[in-house]
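Chemist: output the structure for:
(one chain, ligands or ions: 2)
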Amino acid sequence: MTTKRPPTALEKMGLDSPMALALHLPSRYEDETELLSIEDALSRGRFASAQTQGVVIRNQVLFRPRRQLLVTIEDDTAVLQLRFLNFYPSQQKQMTVGAHVRVRGDVREGFQGLEMVHPTVKAVIPDAPLPKSLTPVYPATAGISQALIRKAVSQALREPSLQESLAEFLPKSFMSDLRSSHDWPNLQAAITYLHQPPADADTQSLLERTHPAWRRVQFEELLTQQISLKRAHSIRRQRHAPSFPQTQAHSEIEAGLLKVLPFTLTGAQERVWAEIGNDLANAFPMNRLLQGDVGSGKTVVAALAAARVMDHGYQAAVMAPTEILAEQHYLKMKEWFEPLGISVAWLSGSLKAKEKRLTQELIENGTAQLIIGTHALIQETVKFAKLGLAVIDEQHRFGVRQRLEIQQRLGSELFYCHQLMMSATPIPRTLAMTYYADLDVSVIDELPPGRKPIVTKVVKAARRDEVIDGLRDWLGKGLQAYWVCPLIEESEVLQLQTAVESFEQLTLALPDFKVGLVHGRLKGEEKAAVMSAFKANAIQLLVATTVIEVGVDVPNAALMVIEHAERFGYAQIHQLRGRVGRGSADSVCILMYAEPLSLAAKERLQTLREISDGFVIAERDLSLRGPGELLGAKQSGDSMLRFVDLQRDAWLIELAQHVAERLLAEHADLVERHLERWLGSRTEFLKA
Ligand code: ADP
Ligand code: MG
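Modeler: Ligands and ions are numbered 1, 2, ... in the order given. Here you go, the predicted structure:
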């Protein structure tokens, strides 16, 4: 039996094993290997960092010009003044007259010649040997001293068990190629080097993490990731899912849907539908991402997949991250499928308990064939009679936790059902190769015909009246428009207030038109009522907070004004403006900004004006925010890649991918042990 004790400070930081400590790598180093005489330290001149030592010959507290501690030390060569503007009594005591101290800091010009301000001070035994390696400085949480981490790490590095788990596991033939062509040390040597680099190490490349020792560790991390992703890939192929081939006998709904559609599929839609159709015919679960810029027509492809599954007598579910978006899907699917006699059900958290129970019953007894909803779909109480396909729209907008829940839920059904994820946010190549390697990707790279490019204009808020005049002309032509109110992160109340103000102002300014307001505080039905009035052109101008960010589809609304556009990120504006440009009218997006504009915001608005390609915008976004945010990993506080920077180290990914393939093919036996030592309990995040 293990006795429970509170976790130590180090354990709280996750440093709970020799391996965890060994992989807790320094963020920088201090050089304590060189000890200069005071004369030499001073002769390095101003702003040079130096370490020296001597005997304290004076220690006094001054009160003018402010309270400070002045200590003078001397050695055989010279004297040095130390100045402390903040100090503890313990420091004062440490530096009593006669004490031997070693100090390290920057030499500066003081009132009385050169001095050190706030050096680090250590008591020393005069002839004690100097450290031979650079002193590591570790990432630490408040209250944990460097000394504590250093001690724990160097103890861990001496553990026999650690030596064993860091043993080179790549076969010699692999490693000698890699090591000789890249000058890499073996893993254990690399890790030891990073914790204790020799005095003459190239600190620049250590700091930049491009040193061969860093490369070796980064490679290991990427290799691990590639292996686990590839393994997930083959595990998926061993799982069973119902197979839905296209056959004459099972094509009634699919054919019916194609007939009901008011348009024909684009070439790109045909192609991705063929890819998805092939997956559905497999007896193992599909795991595919359908990627396509806003407005590219992903919904109909999802509907076709649902039709195929229903043709085989199975249920299909479509899930979206927000109520508004889910509802749009519901309305569209009803429009397409109800004429074909399909029962389309709606499930969301905002349903009344009784309605919810009723719907759940229909899902459970198989009456409901196509189920559309929010996150409520994956709750324990929802039992599908025969789920064959789950479509998850804008899946990256679900949090990591929710995504894990989805995976667990879908995996816990009797069989694994097919999964289709949809996203308008393109995944940059480096991300696709790392985090999403077990995902097949289909891309719709063509917009439906007749779309005009969106003209994006950037306008000062001071010209608001002109914008409203333009809006009046626009609405006068029988067209509709959106007015998007600023995002106010600090306060939802404030956000609502500004939306109401804009709504009132625009209602007054545009008396000939009906202005509507939609925001996050409205109830589900109220939102739906406003949206359907807008859809029916009973409302001409829709004032909205960012609730319309995803998926809203009103082709006649081809003008969008975004207030305080400088407060939005790249992806948000790109998503927002994707709401326009859906009909045959020329589409315009006006980005209004308030001055003063930060440099970053200025650049962002300019880029958005010039570039409409979602892929380019996503790359910019990634370089700005890092992958964590795109992945939603930030929420979990756990990023899979700790040492690799996807931008800086992109070239390593391909190498790791190649080695992982070879390794799995030739040395499958080594793989398991390796994953275990590196990932421990973190493997589950790979599945999200
Ligand atoms: P998104 O990919 O952003 O989800 P949607 O599926 O909502 O895009 O489609 C955007 C609009 O384009 C919808 O009004 C849809 O009916 C229409 N659409 C989709 N495919 C085509 C097509 N092949 N031809 C014409 N219009 C299409
Ligand atoms: Mg969509």
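
Chemist: sketch out the low-pLDDT regions of the stretch 201-350 of the chain for me.
Modeler: Applying pLDDT under 70 to the stretch 201-350 of the chain flags no residue at all.

Chemist: what ranges does it have for its helices?
Modeler: Listed in chain order, the helices of the stretch 201-350 of the chain (DSSP state H, counting those that start in this stretch) span residues 203-207, 212-238, 252-260, 267-281, 298-311, 323-337.

Chemist: tell me which parts of the stretch 301-450 of the chain are close to ligand 1?
Modeler: Those residues of the stretch 301-450 of the chain that sit near ligand 1, judged by CB under 6 Å from any ligand atom, are Ala424, Pro448. For every residue, glycine as well, the C-beta is placed using N, CA and C.

Chemist: what do you get for the stretch 551-688 of the chain?
Modeler: Within reach of ligand 1 by CB under 6 Å from any ligand atom, the stretch 551-688 of the chain has these residues: Asp553, Pro555, Arg582.

Chemist: what about stretch 562-582, distance to the chain center?
Modeler: The gap between the average C-alpha position of stretch 562-582 and the chain average comes to 20 Å, counting by CA atoms, centre = their mean, to the nearest Å.

Chemist: same thing with stretch 475-482?
Modeler: With CA atoms, centre = their mean, you get 37 Å for stretch 475-482.

Chemist: for the closest residue to Trp184 other than its chain neighbours, what are its contacts?
Modeler: Computed as CB to CB, 6 or more residues apart in numbering, the closest residue to Trp184 that is not its neighbour in sequence is Arg216, at 4.3 Å. Neighbour list for Arg216: Trp184, Pro185, Asn186, Leu187, Ala190 [criterion: CB atoms under 8 Å, 6 or more residues apart in numbering].

Chemist: what of Pro486?
Modeler: Gln495, Thr498, Glu563, His564, Arg567.

Chemist: where neighbours are concerned, which of these has the most?
Modeler: Highest neighbour count within these: Glu563, with 24 neighbours (other CB atoms under 10 Å).

Chemist: pLDDT score for that one?
Modeler: Glu563 is assigned a pLDDT of 92 by the prediction.

Chemist: near the residue in the stretch 51-200 of the chain positioned nearest to ligand 1, how many other residues are there?
Modeler: Closest contact between the stretch 51-200 of the chain and ligand 1, by CB to the nearest ligand atom, is at Pro139 (41.0 Å). With neighbours defined by other CB under 10 Å, the count for Pro139 comes to 12.

Chemist: next: Gln497.
Modeler: Quick note: Gln497 (other CB under 10 Å) scores 13 neighbours.

Chemist: how close does it get to Trp346?
Modeler: Separation of Gln497 from Trp346 (CB to CB, to the nearest Å) stands at 32 Å.

Chemist: spit out the contact partners of the residue in the stretch 501-650 of the chain that ligand 1 sits nearest to.
Modeler: As assessed by CB to the nearest ligand atom, ligand 1 sits closest to Asp553 within the stretch 501-650 of the chain, at 4.6 Å. Contact analysis of Asp553 by CB under 8 Å, 6+ apart lists Gln328, Lys332, Arg579, Arg582.

Chemist: now the residue in the chain sticking out farthest from the centre, nearest residue through space, not along the chain?
Modeler: Computed with CA atoms, centre = their mean, the residue of the chain farthest from its C-alpha average is Asp76, at 57.7 Å. The spatially closest residue to Asp76, leaving aside those adjacent along the chain, is Ser37, at 7.2 Å (CB to CB, 6+ apart).

Chemist: before we move on, back to that, distance to Ser145 for the helices of the stretch 201-350 of the chain - can I get that in a markdown table?
Modeler: As requested, the helices of the stretch 201-350 of the chain are exported to a markdown table (distance: least, CB to CB, whole Å):
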| stretch | distance to Ser145 |
| --- | --- |
| helix 203-207 | 22 |
| helix 212-238 | 25 |
| helix 252-260 | 66 |
| helix 267-281 | 54 |
| helix 298-311 | 53 |
| helix 323-337 | 49 |
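
Chemist: tell me, how many residues neighbour whatever residue of the stretch 101-250 of the chain ends up closest to ligand 1?
Modeler: Closest to ligand 1 within the stretch 101-250 of the chain is Gln246: 19.9 Å, counting by CB to the nearest ligand atom. The tally of other residues near Gln246 (other CB under 10 Å) stands at 14.

Chemist: what of Ala303?
Modeler: 25.

Chemist: so who does it touch?
Modeler: Leu257, Lys332, Met333, Trp336, Phe337.

Chemist: coming back round to it: right, and the residue nearest to Asp76 touches Thr52 too?
Modeler: Yes. Between Ser37 and Thr52 there is a contact under CB atoms under 8 Å: 6.7 Å.

Chemist: ok, the two, which is more surrounded?
Modeler: When neighbours are counted by other CB under 10 Å, Ser37 and Thr52 differ, and Thr52 comes out ahead with 27 against 15.

Chemist: any idea of the mean pLDDT in the helix or strand harbouring that one?
Modeler: Per DSSP states H and E: Thr52 is located in strand 49-62. Across strand 49-62, pLDDT averages out at 92.

Chemist: so which bits of it are buried?
Modeler: Buried residues in strand 49-62, counted by 16 or more other CB atoms under 10 Å: Ala50, Gln51, Thr52, Gln53, Gly54, Val56, Asn59.

Chemist: and it, what other elements does it pack with?
Modeler: In terms of contacts (3 or more CB pairs under 8 Å, 6 or more residues apart in numbering; DSSP states H and E), strand 49-62 is packed against helix 38-43, strand 68-74, strand 79-84, strand 100-110.

Chemist: try 6 Å this time
Modeler: The contact analysis (3 or more CB pairs under 6 Å, 6 or more residues apart in numbering; DSSP states H and E) places strand 49-62 against helix 38-43, strand 68-74, strand 100-110.

Chemist: just the CA atoms of that strand, as PDB, please.
Modeler: Output in PDB follows, covering the C-alpha atoms of strand 49-62 (Å, rounded to 0.1, in the frame of the first residue of the first chain):
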ATOM      1  CA  SER A  49      29.900  40.600 -16.800                       C
ATOM      2  CA  ALA A  50      32.500  39.000 -14.600                       C
ATOM      3  CA  GLN A  51      33.000  36.800 -11.600                       C
ATOM      4  CA  THR A  52      35.500  37.600  -8.900                       C
ATOM      5  CA  GLN A  53      36.000  37.200  -5.200                       C
ATOM      6  CA  GLY A  54      37.600  38.700  -2.200                       C
ATOM      7  CA  VAL A  55      37.400  39.500   1.500                       C
ATOM      8  CA  VAL A  56      34.900  42.100   2.800                       C
ATOM      9  CA  ILE A  57      36.700  45.100   4.200                       C
ATOM     10  CA  ARG A  58      33.700  47.400   4.700                       C
ATOM     11  CA  ASN A  59      30.000  47.000   5.100                       C
ATOM     12  CA  GLN A  60      27.800  50.000   5.600                       C
ATOM     13  CA  VAL A  61      24.200  51.100   5.200                       C
ATOM     14  CA  LEU A  62      23.700  54.500   3.700                       C
END
